[in-house]
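*Asks:* Next come a sequence and a model predicted from it.
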Amino acid sequence: MQKIAVIGTGYVGLVSGTCFAEIGNRIICCDVDEQKIEMLKRGVVPIYEPGLKELIEKNVAAQRLLFTSNVGEAIEAADIVYIAVGTPMSETGEADMKYVKAVAKKIGEHLNGYKIVVNKSTVPVGTGELVRQIIFNHRKYPAVHFDVVSNPEFLREGSAIADCMNMDRAIIGSTSEKAAKVIADLHAPFGTRIFTTDLESAEMIKYAANAFLATKISFINAIANICERVGADVTEVSAGMGLDSRIGSKFLQAGIGYGGSCFPKDTYALAHIADQSGYDFELLKAVIRTNDRQRLLVLDKLGHALGQLEGKRIAVLGLAFKPNTDDMRYAPSLTIVPELVRMGAAVRAFDPVAATAARSMLPEAVGYFDSVEETIEDCDACVILTEWAEIAGMDLTKVQKLMRAAVVVDGRNCFSQETMQQHGIAYHSIGRRP
Ligand code: NAD
Ligand code: UGA
């Protein structure tokens, strides 16, 4: 049993803190956002993540999981301090390190005994050393020692609990063998593979992994665009490619490109790190450009299907960047919906969970509805942006009946063309024959 403070109670801190509690540790999750902490104390989970509420309730009841906005106290009470604050994209594309730096200062000020400081946030190479220096410079008790470890997080939103409890591997980077062993032992109940390495390589592994996955997505999207032009079907192509175990079938789903709080910011950040190191990462820059263009494809397809979009009534199905999350950060809908409104379309939107978060981020003219059926009523076309189960499983007979014109532009390739044809729906998807 370890006493752990997790600083930053967002998607990563809250999920990993809860999972560390679930395997028997005593966790204090802390955050400067007092409102968030108050909600958690009242049993209200501030984010949508399947299974999280139940797991929090179980571990709070077992007195293994506590919440506080007193970050200093949480640090003092812990032997291991996890940093899990945001590292958002700054205006210049690099990771904004202000939250990590503020936490490092706070740790220094409250370092009342030996502690292992573990960085879980996604950070540029060199951050471990930067954190070490900041803590060192702000130490209240100069005789007190500490070690710094990098232990990046690989969970996905929407399946975060399962990803955390069954993680593929734990990457542990440190200059201290002793500290690395403590963090490796902490992960033993997860039964995962442990990969220990140096601090800098651990930090790079996280960016390289995300950039590689983003590259797979942009690659298959580029192939999809070629498929459309030469008469092949990208779903067949990715299925066939994926059978090669060297390639693998995952992350080869063509569509409107990646969004979310990670791939967009981390690809930009890595390109920036490369530039600063004197290496022009042209490959990654092309991945980013391909992704930016891919988002606009559904607008082209709508234009081809309907001609002018002005005055047309368009249903947008799905607003979150992927299913099973309320996260709207860098969601493709944030580019596509304002553009539809700008072109004069009347937009009716549906998302089973993210609609509340979307309201403050999308144009006021957008109307929100509680079901697919209500949203598509009398529409000239519908656009699928997120493959939520209720959208990928929508009743196509109703779609055909309720819409003014049964035109579906599917940015996530949820349906087979044969099925859509059988239902009399004009179907436009990504990378497949018309
Ligand atoms: P988030 O924005 O959801 O949460 C960050 C939290 O940190 C916020 O609640 C904020 O109030 C808090 N915070 C900021 N400054 C603080 C301070 N000084 N003291 C205490 N709390 C403070 O972010 P997130 O999505 O959980 O991501 C956190 C990090 O993990 C990022 O570096 C991200 O790239 C990385 N990551 C995210 C995911 C994911 O799926 N979201 C997965 C893997 C890694
Ligand atoms: C991603 C990584 O998968 C996690 O391992 C990582 O920890 C996380 O980023 C992070 O660093 O924060 P996440 O962004 O939650 O996780 O979700 P993904 O399932 O990876 O999807 C990202 C985006 O790519 C979504 O918009 C999704 O629709 C898109 N995608 C994914 C595709 O377009 N095609 C695919 O084949 C797979």
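*Replies:* Now that the structure is in, tell me what you want to look at. Ligands and ions are numbered 1, 2, ... in the order given.

*Asks:* any idea how far stretch 113-125 is from the chain center?
*Replies:* 21 Å (C-alpha atoms, centre = their mean, to the nearest Å).

*Asks:* can you tell me the distance between the two ends of it?
*Replies:* Start and end residues of stretch 113-125 are separated by 27 Å (C-alpha to C-alpha, to the nearest Å).

*Asks:* So which residues on the stretch 101-250 of the chain come close to ligand 1?
*Replies:* Residues of the stretch 101-250 of the chain found near ligand 1 (C-beta under 6 Å from any ligand atom) are 102-103, 121-122, 153, 155, 157. No exception for glycine: its C-beta is placed from N, CA and C like everyone else's.

*Asks:* Apply 5 Å and report the result again.
*Replies:* Neighbours of ligand 1 within the stretch 101-250 of the chain, by C-beta under 5 Å from any ligand atom: 102-103, 121-122, 153, 157.

*Asks:* ok, how many other residues are close to Ile47?
*Replies:* 18 (other C-beta atoms under 10 Å).

*Asks:* Then the one 5 residues further on?
*Replies:* Using other C-beta under 10 Å, Leu52 has 18 other residues around it.

*Asks:* mind listing what it touches?
*Replies:* Neighbour list for Leu52: 14-15, 18, 45, 160-161 [criterion: C-beta atoms under 8 Å, 6 or more residues apart in numbering].

*Asks:* can you pull the pLDDT of Pro434?
*Replies:* At Pro434, the model reports a pLDDT of 69.

*Asks:* can you give me the strands for the chain?
*Replies:* For the chain, the strands defined by DSSP state E occupy 3-7, 26-30, 65-68, 80-83, 115-119, 146-150, 169-174, 193-197, 313-317, 346-350, 367-368, 381-384, 407-410, 426-428.

*Asks:* Using JSON lines, please lay out these together with distance to Lys140, mean neighbour count and mean pLDDT.
*Replies:* Converted to JSON lines, the strands of the chain look like this (distance: least, C-beta to C-beta, whole Å; neighbours: other C-beta atoms under 10 Å; pLDDT from 0 to 100):
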{"stretch": "strand 3-7", "distance to Lys140": "16", "mean neighbour count": "25", "mean pLDDT": "98"}
{"stretch": "strand 26-30", "distance to Lys140": "18", "mean neighbour count": "25", "mean pLDDT": "98"}
{"stretch": "strand 65-68", "distance to Lys140": "20", "mean neighbour count": "21", "mean pLDDT": "98"}
{"stretch": "strand 80-83", "distance to Lys140": "15", "mean neighbour count": "26", "mean pLDDT": "98"}
{"stretch": "strand 115-119", "distance to Lys140": "13", "mean neighbour count": "26", "mean pLDDT": "98"}
{"stretch": "strand 146-150", "distance to Lys140": "12", "mean neighbour count": "24", "mean pLDDT": "98"}
{"stretch": "strand 169-174", "distance to Lys140": "23", "mean neighbour count": "22", "mean pLDDT": "97"}
{"stretch": "strand 193-197", "distance to Lys140": "31", "mean neighbour count": "15", "mean pLDDT": "98"}
{"stretch": "strand 313-317", "distance to Lys140": "53", "mean neighbour count": "26", "mean pLDDT": "98"}
{"stretch": "strand 346-350", "distance to Lys140": "51", "mean neighbour count": "23", "mean pLDDT": "98"}
{"stretch": "strand 367-368", "distance to Lys140": "50", "mean neighbour count": "16", "mean pLDDT": "98"}
{"stretch": "strand 381-384", "distance to Lys140": "55", "mean neighbour count": "27", "mean pLDDT": "98"}
{"stretch": "strand 407-410", "distance to Lys140": "58", "mean neighbour count": "25", "mean pLDDT": "97"}
{"stretch": "strand 426-428", "distance to Lys140": "63", "mean neighbour count": "19", "mean pLDDT": "97"}
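
*Asks:* With distance to Met420 added, can I get those strands in a markdown table?
*Replies:* Formatted as a markdown table, the strands of the chain follow (distance: least, C-beta to C-beta, whole Å):
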| stretch | distance to Met420 |
| --- | --- |
| strand 3-7 | 46 |
| strand 26-30 | 46 |
| strand 65-68 | 47 |
| strand 80-83 | 47 |
| strand 115-119 | 48 |
| strand 146-150 | 48 |
| strand 169-174 | 40 |
| strand 193-197 | 43 |
| strand 313-317 | 14 |
| strand 346-350 | 19 |
| strand 367-368 | 25 |
| strand 381-384 | 12 |
| strand 407-410 | 7 |
| strand 426-428 | 4 |
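
*Asks:* Indicate which one of the ones you listed is closest to Arg246.
*Replies:* Among these, strand 169-174 comes nearest to Arg246, with 18.9 Å by C-beta to C-beta.

*Asks:* Does ligand 2 have contacts with the closest one?
*Replies:* No: counting by C-beta under 5 Å from any ligand atom, ligand 2 is not contacted by strand 169-174; separation bottoms out at 11.2 Å.

*Asks:* Who are the packing partners of that strand?
*Replies:* strand 146-150, helix 177-186, strand 193-197, helix 199-230 (3 or more C-beta pairs under 8 Å, 6 or more residues apart in numbering; DSSP states H and E).

*Asks:* Next, the angle helix 199-230 makes with it.
*Replies:* 140 degrees (axes from the mean of the first three to the mean of the last three C-alpha atoms, to 10 degrees).

*Asks:* which neighbours does strand 169-174 have in its sheet, and in what orientation?
*Replies:* strand 146-150 (antiparallel), strand 193-197 (parallel) (DSSP bridges).
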